[in-house]
Every structure is written in C-alpha cells, then in structure tokens.
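Chemist: sequence and predicted structure are below.
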2 protein chains.
Amino acid sequence: MNQPQTPAELRQAIRRGEFTGNTSGYAPGFVQCNLAILPQAWANDFLRFCQLNPRPCPLLAMSDAPGETGLPPLGDIDIRSDVPRYRIFEDGQLREEVTDIAHLWRDDLVVFALGCSFSFEEALIADGLDVRNISEGVNVPMYRTSVDCAPAGPFAGKLVVSMRPFRAADAIRAIQICTRFPAVHGAPVHLGDPAQIGIADIGRPDYGDPVTIREEEMPVFWACGVTPQVALEAARPPFAITHSPGHMLVTDLRNSQLAVL
Amino acid sequence: MNQPQTPAELRQAIRRGEFTGNTSGYAPGFVQCNLAILPQAWANDFLRFCQLNPRPCPLLAMSDAPGETGLPPLGDIDIRSDVPRYRIFEDGQLREEVTDIAHLWRDDLVVFALGCSFSFEEALIADGLDVRNISEGVNVPMYRTSVDCAPAGPFAGKLVVSMRPFRAADAIRAIQICTRFPAVHGAPVHLGDPAQIGIADIGRPDYGDPVTIREEEMPVFWACGVTPQVALEAARPPFAITHSPGHMLVTDLRNSQLAVL
C-alpha cells in the first residue's frame, strides 16, 4: 500500500481496516485528536470536566446529538470505523482493543475529540527545535503530578503532563510557539524542578518512555491528553470508548488553523 | 509640587529644573527610554549595533538629522533639557552628571532613544506577577554575561542582562507577556542556571542591587539596556551623553502601543 497522502485517504484506509497502526507522522500538517466516547448520562459531566480543565482537555469537537457518528467540523468522519484502534472500557476497566466499534455502537453515545500534542510538536520541529521523543523515536514520557484537576461530578484526578527537555533559550521559544496553540494544550504548565509538581523521578515516567535530558537542558512540562483518560477510568462509567494511545483520529483541520495568532 | 500627571507635565517640570530625580513610577502607562547621544561620525556604527542586537538595544526613535533636538515620534521633546539627569562621557570616561545639556549641545550630535524595562515590568505587575525589584524597592540586579553581542565597528561587548525571580508558572506567564513587547527587550533570553550564561554568583550583581530568590523560584533573565552603555564606554568615543541610570526620557507613547499583538 502506498502511504496515504491526505487525511481523508488515510481515514479511508483505516475505515477499510487496511491501516491499524500508530498515526504519528502520518498526514503531516493535519490535526490528530484524542477520543473519548461516553453514554449520554455521563457526557455532561465530562463536558464540564473539559471546560474546567482546558489545558489537559482542549475540546475540539463533540457530536451534535447522542448517537451521531459524524463530527462534521473535523471532516467526513464515521467515528465507528475511522480510528485505527479503540479501547473498550467497562466500569473503568480496559476490556479489549478493537479496530472497529460498529458492533458496539449505541444510540446514547456522545463523542468527544480533544486536541493532541502532535500538532504542537510539529510546530516546534518546524522551528528547528529538537523534540527529543521524536528524535529518539520513542513515546513521549508522561508523569502523574501532584496537581489536582478541577473536578466535575465523577470526573476528577491528578494532572498528567508530558515532558520534553530543552535548553533555556529553546524552552523560551517553545513557550512562545505553543502559546499560539491553546487548542492543543497550549503553553507548558511547568519547567525546571520536577519535584515542584510532585514528580519524584524524572527518569521513570508513569506512561511512555524515558528520554535523554542533557546536562545543559531542563525538563519542560505540558498538560497531557492522558489526564482525561485517567479521570475517565477513575470515574468508572459502565461503558466508555477511547482511542488506543498513539492511534489517533486524523482530521481535515490543518494544524495552522488552530493558531490563535 | 504636585506629582505631575501626564508625560508632558512631567517633562515640563524636568525642563524647568524642578524635577531631577528617578522617573520610576512616574507617568504610569507611558513609555520611558534609555538615551544615547553621539557625534555623527560615531552614530552610524551605533545604529548598526542596535540593529544587530535588538534585544538589548531596541531602538524606539532617533533624531531626524544631526543637531536636531526634538524626537517628534515620542512627543514634544527638547532633548537638551527634558531628561532629569545626564551623564557626560569623554573618551569613554564618565566626566560628570548634569541636569541640562544645552551648554554642551553640538550640531553634529545624534540622539538615540531605546526601550526600557519599565514598560514590561508594568505589564507584568498588571498581570498580578511579583516583580521582586519593585516589591523590594531596589534597583533591578544586572549581570555581565559571557554572551557576545554582534559587533558593529567600535561598538562591541558582552550582553548585560537584568534578572527577576519567578516560580515556573509565573516565568512562563512572563515569557508570554513580554513576547508582546519586542520594543522593550521582549521575551527573556535565559532562565534557570546562571552559570550557563557566565554568571558566577547570582547574589552579586555587576550593577543594581541583589534581590531575594525564594526556594521555589528560578532566575529569569532579560536583555538589558545597560548593554549599549557598556559598548559605548568600551568604544571610547571622544564625546557621548547618556541618561543617568533610572533618570529616563519620559515619552507620550503608551506602553500598550508597543504591544505587537
């Protein structure tokens, strides 16, 4: 198979079951999304959780009504088939991973698409910065912090952050670049001493892989899309669906369209 | 004397010799400038030095022609009398401080007005940040770094930086705020480890006063208007005039007008 060139072509391949892999690096220039699907009875609280915690949970789109399978603002999408790999949760427990959720679809499901760090990583790389998890070919290191999210009903928990190391001048530049993109986590939330946000050992991330931090570099931390997943698992809804990490919803939105200036 | 309310009123009081003090805190909301006055034969190189080093030397205005005593873009100004205190240099040596330079004026003098940190400090305070040199009532600490400026003819030297300590989240916010104001030094040039830019002892500034750095804070460094003064002294022009530190040219420009976004 030739590598798909457009988001629509990539989604078609995913829909046909021909592409079930990690979407990192595919459809460059276009926004990829974290996904959460919840029964209507849980959706309002989750929406409030996103509204209260916009940095870890930047909501880009949600379904117009329960049961709707499209997300028109993001492209010609059938959410039941257009994500390469889904995770199915029951009572907050991961039950299985699947590549299609048509057989699980229900009329009360509400879809949430949240911004993802791929967009700002692309902007950092375009500026000449070294995004270490990319240059070392690993998953970004992520850490559970001591910082509480603002709770909404059953949804609550600690802020999860991703970390990328930079020299000070590049950290300043990264802050400037990411400030333009609040819809994909925006500016970093912390930099420097990891202990100040409750991270005991920077070499042992709670999720993802460790990356090299050079002598002259400091860790820079961004609010992370794993935060709502952790809150969702803790809330233990009877049924929920998310994307599988790295296997994102690829949209027709351009990353540059998310820039607020 | 009542405290002057407008920049024009303040300049009138300065012109009459009634105000000869530090201008910090006066005419809030309005831009104050660093001043350099040089003979025409030295002015082109100094202009190039500013152009090559815009962060320490953000040029806001210069005289239309040698000998001109006004700076129309900045207000109704007579540069011979409208600065509270001037420093007179001969061959790079400070000879005296005066409150009026009418008797020293020459037809070949060119005036340079450069942005000053007062403008961004006001923006930081307006956002609720604690600017330590202000809250402790001292001069901002400044340090000669190991970073070379780009040279222009006889003008060369090390970058001088000012330092304000912040917690990480406030440092990130300060970077966002100051990025809007490139005409008054713009975003910080460094943060964290002082040794990385050649500062051996953060407690012993080369100019100004030390300030408290709390346990959870990091030093944040901005390019400083002392940089061109140091370059000017090192270039040893036969004659030069600057403002005396803290005794600035007060203009009719509003700080908010300098915001690029």
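Modeler: Cool, the structure landed. Residues are numbered from 1 along each chain as shown, chains lettered A, B, ... in the order given.

Chemist: helices of the stretch 51-200 of chain A, start to end?
Modeler: Taking DSSP state H, counting those that start in this stretch, the helices of the stretch 51-200 of chain A run over residues A:118-126, A:132-135, A:168-179.

Chemist: quick check: residues of the stretch 151-261 of chain A near chain B?
Modeler: The stretch 151-261 of chain A has residues A:167-169, A:171-172, A:175-176, A:179, A:187-193, A:196, A:216, A:218, A:261 near chain B, with proximity defined as Cβ under 8 Å from any Cβ of the partner chain. C-beta here means a position set from N, CA and C on the backbone, and glycine is covered the same way.

Chemist: which PyMOL command selects the buried ones in those?
Modeler: In PyMOL, selecting the buried portion of these, with burial taken from 16 or more other Cβ atoms under 10 Å in any protein chain shown, looks like this:
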select buried, chain A and resi 167+168+171+172+175+176+179+187+188+189+190+191+192+193+196+218
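
Chemist: adding mean pLDDT and distance to residue B:128, write the helices of the stretch 51-200 of chain A out as TSV.
Modeler: As requested, the helices of the stretch 51-200 of chain A are exported to TSV (pLDDT from 0 to 100; distance: least, Cβ to Cβ, whole Å):
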stretch	mean pLDDT	distance to residue B:128
helix A:118-126	96	26
helix A:132-135	96	33
helix A:168-179	98	18
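
Chemist: tell me which of these sits nearest to residue A:21.
Modeler: Closest to residue A:21 of the helices of the stretch 51-200 of chain A, according to Cβ to Cβ: helix A:118-126, at 14.4 Å.

Chemist: where's residue A:246, which helix or strand?
Modeler: Under the criterion of DSSP states H and E, residue A:246 resides outside all helices and strands.

Chemist: can you read off the pLDDT for it?
Modeler: At residue A:246 the predicted local distance difference test score is 92.

Chemist: for it, which non-adjacent residue is spatially closest?
Modeler: Of all residues not flanking residue A:246 in the chain, residue A:22 sits nearest, at 4.2 Å (Cβ to Cβ, 6 or more residues apart in numbering or on different chains).

Chemist: that neighbour and residue A:122, how far apart?
Modeler: Residue A:22 is 15 Å from residue A:122, where distance means Cβ to Cβ, to the nearest Å.

Chemist: between these two, who's got more neighbours?
Modeler: Taking neighbours as other Cβ atoms under 10 Å in any protein chain shown, residue A:22 and residue A:122 compare with residue A:122 leading, 22 against 14.

Chemist: apart from its neighbours in sequence, what residue is nearest the more buried one?
Modeler: residue A:255 (5.7 Å).

Chemist: how about that neighbour, what does it touch?
Modeler: Applying Cβ atoms under 8 Å, 6 or more residues apart in numbering or on different chains to residue A:255 gives the contacts A:29, A:30, A:31, A:119, A:122, A:123, A:181, A:184.

Chemist: which among those residues count as buried?
Modeler: Those of the contacts of residue A:255 that meet the buried threshold are A:30, A:31, A:119, A:122, A:123, A:181, A:184, by 16+ other Cβ under 10 Å.

Chemist: residue A:90 contacts residue A:233, doesn't it?
Modeler: No. Using Cβ atoms under 8 Å, residue A:90 makes no contact with residue A:233, being 11.1 Å away.

Chemist: out of those two, which sits in the more crowded spot?
Modeler: Each of residue A:90 and residue A:233 has its neighbours counted (other Cβ under 10 Å); residue A:233 has more, 17 against 13.

Chemist: circling back: can I get the contacts of residue A:255 in a markdown table with distance to residue B:250?
Modeler: Below are these laid out as a markdown table (distance: Cβ to Cβ, whole Å):
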| residue | distance to residue B:250 |
| --- | --- |
| A:29 | 48 |
| A:30 | 50 |
| A:31 | 48 |
| A:119 | 44 |
| A:122 | 45 |
| A:123 | 40 |
| A:181 | 38 |
| A:184 | 42 |
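
Chemist: which one of these is nearest residue B:65?
Modeler: Comparing the contacts of residue A:255 against residue B:65 with Cβ to Cβ picks out residue A:123 as the nearest, at 44.5 Å.

Chemist: was I right to think the closest one contacts residue A:181?
Modeler: Yes. The criterion here is Cβ under 8 Å, and residue A:123 meets it with residue A:181 at 6.6 Å.

Chemist: show me the shaky parts of chain A.
Modeler: Low-confidence segments of chain A, defined by pLDDT under 70: A:1-4.

Chemist: any idea how far residue A:177 is from the residue nearest to residue A:122?
Modeler: 11 Å.

Chemist: shared neighbours of these two, anything?
Modeler: By Cβ under 8 Å, 6+ apart, residue A:255 and residue A:177 have these common neighbours: residue A:123.

Chemist: and the closest residue to residue A:197 other than its chain neighbours, what is it in contact with?
Modeler: Leaving aside its chain neighbours, residue A:197 sits nearest to residue A:145 (4.3 Å; criterion: Cβ to Cβ, 6+ apart). Applying Cβ under 8 Å, 6+ apart to residue A:145 gives the contacts A:158, A:159, A:160, A:161, A:197, A:198, A:199, A:221.

Chemist: what do you get if the cut-off is 10 Å, keeping everything else the same?
Modeler: A:158-161, A:189-190, A:194, A:196-199, A:206, A:221, A:223-224, A:227 (Cβ atoms under 10 Å, 6 or more residues apart in numbering or on different chains).

Chemist: considering those residues, which possesses the most neighbours?
Modeler: Highest neighbour count within the contacts of residue A:145, by other Cβ under 10 Å: residue A:161, with 32 neighbours.
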